[in-house]
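1. Starting from these lines, generate the structure:
(2 chains)
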Amino acid sequence: MSETITGSEAGGVAPPASGPWPIELDDVTVRYPNGVVALKNVSLSIAAGEMVAVVGLSGSGKSTMIRTVNGLVQPTGGRVTVGPHAVSELRGRALREARGDIGMIFQAFNLADRASVFHNALVGRFAHMPTWRTMLGLASAEDRDMVMRSLDSVGMLEKVWHRAGALSGGQKQRVAIARALSQEPAVMLADEPVASLDPPTAHAVMADLEDINASRGLTVLVNLHLMDLARQYTTRMIGLRAGEVVFDGPAATATDADFEAIYGRPVQARDRLGE
Amino acid sequence: MTALAVRAPIAPPRPRRLAVRIASWTVAAVVVGAFVGLDIEWDKLADLPGDLVHYGSLMFSDPDWSMLPEALRQTWRSVSMAWLGALLGVVLSTMLGIPAAEGVGPLWLRLPLRGLFAIIRAVPEVVIAIIILTVTGLTPFTGALALAIGGIGTHAKWTYETVESAPGGAVEAVRAGGGGLLATIRWGLWPVISPELASLALYRFEINVRTSAILGLIGVGGIGDMLTTYTQHRQWDTVGVLIIVVIVVTMTIDAVSGAIRRRIMEGAKVRGVDRSS
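-> The predicted structure follows:
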């Protein structure tokens, strides 16, 4: 493994990413090995500190798009830049360091259910931890402190030694947010973060993301398929349909007709979350 | 052309299924050939029930219970052999099996590893023991080593299949957070697969308990060794005791180990999980 201890990063907390970062997609195309083209020549410019919703039906390419931002999916054409990182050009250690500055939460929470809440949140420190500490799950005092503060900020501190699998869906997603916040990221990505949650919990998690954007000033990019959540919580909306950007404008004033253009069909009851 | 309308409809030609037909005939030929080649004396089959009663009464009518302590001592050796073999085998299988999984190891590593497992699977434990005993001699340790190495064939296969069928969410989260390959295996994969691997390890122990009795046949010690010796000396009253011990011990271990495996896979009985959020 190339993850040897390097200088000042050993055991300590690396300096947090400096302020929010812009995200640039320049003519990005993703063609999967099976021939499916998930993104077609997408160009986007998201300013530092913006809160942006990406709206589209499943299969529209929004999951693929958000994964190109942290390099989980590498574009087959074009260029992705996040702050100082040319993500689409990076490999190996440089890519892992870039990912360390980009937080991400998922629809299925993606926690290790058998591990404790603490160790799940500690994953957010891995980009800065020496390998032996990672393997043993032994946090330095600074990393431990960072994890505890992140858990506290989402109200999950008292569950820190519980098994992640014993939590409810809403609690799991908050642990996942704490995991991402432990990274001290400059950008927060969220892929359908509320699609597995009941309406009140969904609103609570969206409010958490709104707060992360407002009080921490992070750039937030969130995939949604529900129109009312996009309108209520985000300032800008990008509509994806069949891998292409078909809408880009303010979210609050987007009309039902705009959503119909994005969905490619009439608006239905299931496109709204309600209360 | 009008005649066409009154003719019978033209169905597509029936598929010949030549391969299926050849396979059926081959299987039939093998079955018949096996019976002819074995030269079975069918009339002796009639004596089987009588013989069973005869030897059964020799073994079980008046078992020599004075042999019980020695039988238990040898059983303990067999179980130790099985346990040590399972421990060694599972550790080796885990270390070799995880890199052999798709998505973990690269192709140039996966293929030779899987080839190795396939070769080991093709060799029976007894043959492996015979090869090893040229080095380590006729000791229970030889038996344990044979069980460990022989176990890799199937156990490493179970390991990489477990890895490949594990849900990948936690793995994706560790990668997204900037973790490297080792971190991803340790905190994305291991918590997900470890219960199943633990269960498989216990199952491997159960299998080894049974196999260790067979390994005794070549003289590496344990209950199988004792069974062979007393059968050859036709001391049926002792053989009866040994068979009872083997059956009772094997069934007990199966039952206990099976209960533990269920507990691992299903988790503790829920006493009241906090479902409020």
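
2. Residue numbers of the stretch 101-250 of chain B in contact with chain A?
-> Within the stretch 101-250 of chain B, the positions adjacent to chain A are B:169-170, B:172-183, B:186-188, B:191-192, B:194-195 by Cβ under 8 Å from any Cβ of the partner chain. The way it works is simple: take the backbone N, C-alpha and C, and place the C-beta from them, glycine included.

3. just checking, which of those belong to strands?
-> Using DSSP state E, no member of these falls in strands.

4. Please list only the buried members of those.
-> B:169-170, B:172-180, B:183, B:186-188, B:191-192, B:194-195 (16 or more other Cβ atoms under 10 Å in any protein chain shown).

5. What is the burial count for residue 166?
-> You didn't say which chain, so I picked chain A. Counted with other Cβ atoms under 10 Å in any protein chain shown, the neighbours of residue A:166 add up to 16.

6. Chain B was what I was after
-> Residue B:166 - counted by other Cβ under 10 Å - has 19 other residues nearby.

7. Distance-wise, check it relative to residue A:56.
-> From residue B:166 over to residue A:56 the distance is 29 Å, taken as Cβ to Cβ, to the nearest Å.

8. again with residue A:67
-> 14 Å.

9. go on, residue A:207?
-> Remark: distance between residue A:207 and residue A:56 (Cβ to Cβ) = 23 Å.

10. What ranges does chain A have for its strands?
-> Assigned strands in chain A, in chain order: A:23-31, A:37-46, A:51-55, A:77-82, A:102-106, A:187-191, A:219-224, A:236-241, A:244-250 (criterion: DSSP E).

11. Stretch A:56-64 spans what distance, first to last residue?
-> From its first residue to its last, stretch A:56-64 covers 12 Å (Cα to Cα, to the nearest Å).

12. give the contact list for residue B:99.
-> Listed by Cβ atoms under 8 Å, 6 or more residues apart in numbering or on different chains, the contact partners of residue B:99 are B:105, B:109, B:110, B:113.

13. Swap in 7 Å and give it another go.
-> B:105, B:109, B:113 (Cβ atoms under 7 Å, 6 or more residues apart in numbering or on different chains).

14. Just the residues you listed: which are in helices?
-> Those of the contacts of residue B:99 mapping onto helices are B:109, B:113, per DSSP state H.

15. picking that back up, mind checking the strands of chain A for the one nearest to residue B:261?
-> In terms of Cβ to Cβ, the element of the strands of chain A nearest to residue B:261 is strand A:102-106, at 31.1 Å.

16. Give me the buried positions along stretch A:89-109.
-> For stretch A:89-109, burial by neighbour count (16+ other Cβ under 10 Å) applies to A:90, A:93, A:95-109.

17. and chain B, which of those reach it?
-> Counting by Cβ under 7 Å from any Cβ of the partner chain, A:96, A:97, A:99, A:100, A:104, A:106, A:108 from the buried residues of stretch A:89-109 sit close to chain B.

18. Could you find the closest non-adjacent residue to the fourth one?
-> The one in question is residue A:100. Nearest non-adjacent residue to residue A:100, counting by Cβ to Cβ, 6 or more residues apart in numbering or on different chains: residue A:127, 2.7 Å away.

19. The one you found contacts residue A:94, correct?
-> No. Using Cβ atoms under 7 Å, residue A:127 is not in contact with residue A:94; the gap is 11.2 Å.

20. Do a quick rundown of the helices in chain B.
-> Going by DSSP H, chain B shows helices at B:3-6, B:18-38, B:42-45, B:48-60, B:68-97, B:107-122, B:125-136, B:140-165, B:169-176, B:181-183, B:190-215, B:223-232, B:236-266.

21. likewise the stretch 101-250 of chain A?
-> A:117-122, A:131-136, A:141-153, A:169-181, A:199-215, A:227-233 (DSSP state H, counting those that start in this stretch).

22. and residue B:64, how far is that from chain A?
-> Distance of residue B:64 to chain A, computed by Cβ to the nearest Cβ, to the nearest Å: 51 Å.

23. now that residue: how far from residue B:235?
-> Using Cβ to Cβ, we find residue B:64 at a distance of 8 Å from residue B:235.

24. Name the residue closest to the centre of chain A, please.
-> The centre of chain A sits closest to residue A:189, judged by Cα atoms, centre = their mean, with a distance of 1.9 Å.

25. Please tell me how far it sits from residue B:168.
-> Between residue A:189 and residue B:168 the distance is 18 Å, computed by Cβ to Cβ.

26. Kindly report the same for residue A:170.
-> The gap separating residue A:170 from residue B:168 is 23 Å, by Cβ to Cβ.

27. Of the two, which one has the most company?
-> Applying other Cβ under 10 Å to residue A:170 and residue B:168 shows that residue A:170 carries more neighbours, namely 20 against 15.

28. any weak-confidence spans in the stretch 151-275 of chain A?
-> For the stretch 151-275 of chain A, applying pLDDT under 70 flags the ranges A:275.

29. Beta-bridge partners for the residue nearest to the centre of chain A, please?
-> Listed by DSSP bridges, the beta-bridge partners for residue A:189 are residue A:104, residue A:221.

30. residues contacting it?
-> Residues near residue A:189 by Cβ under 7 Å, 6+ apart: A:66, A:69, A:70, A:102, A:103, A:104, A:221.

31. Touching, the fourth one and residue A:185? I think so.
-> Put plainly, it is residue A:102. Yes. At 5.6 Å, residue A:102 and residue A:185 qualify as touching, with contact defined as Cβ under 7 Å.

32. pLDDT score for the residue nearest the centre of chain B?
-> The residue lying closest to the centre of chain B (Cα atoms, centre = their mean) is residue B:207, at 5.4 Å. Predicted confidence (pLDDT) for residue B:207: 90.

33. Would you mind stating the distance between the residue nearest to it when sequence neighbours are not counted and chain A?
-> Leaving aside its sequence neighbours, residue B:207 sits nearest to residue B:151 (Cβ to Cβ, 6+ apart; 7.7 Å). Distance of residue B:151 to chain A, given as Cβ to the nearest Cβ: 25 Å.

34. Repeat that for residue B:205.
-> Noted for residue B:205: a distance of 22 Å to chain A, by Cβ to the nearest Cβ.

35. That residue: neighbouring residues, count only.
-> Look at residue B:205: counted by other Cβ under 10 Å, it has 22 neighbours.

36. do the same with the one 4 residues further on
-> Residues contacting residue B:209 under the criterion other Cβ under 10 Å number 26.

37. Verify the stated contact: it with residue B:83.
-> No. Here residue B:209 does not reach residue B:83: they are 8.5 Å apart, not a contact under Cβ under 7 Å.

38. Close to chain B: what parts of the stretch 1-150 of chain A are there?
-> A:1, A:3, A:70, A:72, A:96-97, A:99-100, A:104, A:106, A:108, A:110-112, A:114-115, A:119, A:123-124, A:126-127, A:131, A:134-135.

39. Stretch A:102-117 spans what distance, first to last residue?
-> 20 Å.

40. Quick check: chain neighbours aside, which residue is closest to the residue in the stretch 101-250 of chain B that chain A sits nearest to?
-> The nearest approach of the stretch 101-250 of chain B to chain A comes at residue B:178, 2.9 Å away (Cβ to the nearest Cβ). Leaving aside its chain neighbours, residue B:178 sits nearest to residue A:127 (2.9 Å; criterion: Cβ to Cβ, 6+ apart).

41. Return the per-residue confidence for that neighbour.
-> In the prediction, the pLDDT value recorded for residue A:127 is 90.

42. List the contacts of it.
-> Contacts of residue A:127 (Cβ under 7 Å, 6+ apart): A:96, A:97, A:99, A:100, A:183, B:177, B:178.

43. how about those residues in JSON lines, adding distance to residue A:200?
-> Output for these, formatted as JSON lines (distance: Cβ to Cβ, whole Å):
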{"residue": "A:96", "distance to residue A:200": "37"}
{"residue": "A:97", "distance to residue A:200": "38"}
{"residue": "A:99", "distance to residue A:200": "32"}
{"residue": "A:100", "distance to residue A:200": "33"}
{"residue": "A:183", "distance to residue A:200": "28"}
{"residue": "B:177", "distance to residue A:200": "28"}
{"residue": "B:178", "distance to residue A:200": "33"}
